[in-house]
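*Asks:* Using only what follows, build the 3D model:
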Amino acid sequence: MDKAYNINQIDAVFDLLVSDSSYLKKNWDEYYNKEYKDNRERLFYFDMMAISAFVIKLFHKKKSKDLQSFFDKVEIVLNDADSEVKNLILAGLIEGIQQICQYENIDMRYEFNSWLSPLTQKKWDEITGFFTFD
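*Replies:* Coordinates of the predicted model:
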């Protein structure tokens with residue numbers, strides 16, 4: 001069975017993730033235009049890491065509505081993505097957010113829970129399990 005979100009249509013995934021937030025859309029467009037103005041090869045992992053940084057900024061700005069919409073989109077993708085896109089979401093996006101949380105003194109174990117849907121929460125917790133907390 002074909003998945004709606006596959007690596008061959010990765011731009012649709014990025015577009016979906018940033019679609020409901022003017023802040024995310026603006027920052028994503030600026031990032032993309034700067035990084036790929038010379039038509040260099042796409043680096044999907046780094047692209048997801050960039051979105052991770054934008055999400056942390058939304059968190060600091062207390063943009064709860066934008067965060068809810070963003071994580072709703074993450075759940076949609078995780079539920080209907082091929083394995084490459086799922087890995088990209090998990091390793092690039094979710095782990096990226098969690099890595100930044102460590103440097104920003106954000107408790108990744110609890111601070112994002114209100115916005116995470118069931119599958120995203122499960123994956124979030126699995127990744128969090130690899131971290132050591134004092």
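*Asks:* Leaving out chain neighbours, which residue sits closest to residue 7?
*Replies:* In space, and not counting its chain neighbours, residue 7 is closest to residue 84: 4.0 Å by C-beta to C-beta, 6 or more residues apart in numbering. Every residue, glycine included, has its C-beta placed from N, CA and C.
*Asks:* isn't the one you found right next to residue 6, touching?
*Replies:* Yes: Residue 84 is within contact range of residue 6, at 7.2 Å (criterion: C-beta atoms under 8 Å).
*Asks:* Grab the most central residue of the chain for me.
*Replies:* Nearest residue to the geometric centre of the chain (C-alpha atoms, centre = their mean): residue 93, 3.7 Å.
*Asks:* returning to that earlier point: which secondary structure state is assigned to the residue nearest to residue 7?
*Replies:* helix (DSSP: H, G, I helix; E, B strand; the rest coil).
*Asks:* and it, how many neighbours?
*Replies:* The burial count assigned to residue 84 is 15, neighbours taken as other C-beta atoms under 10 Å.
*Asks:* Name the nearest residue to the residue nearest to the centre of the chain, sequence neighbours excluded.
*Replies:* Residue 93 sits nearest to residue 48 (C-beta to C-beta, 6+ apart), 4.4 Å away.
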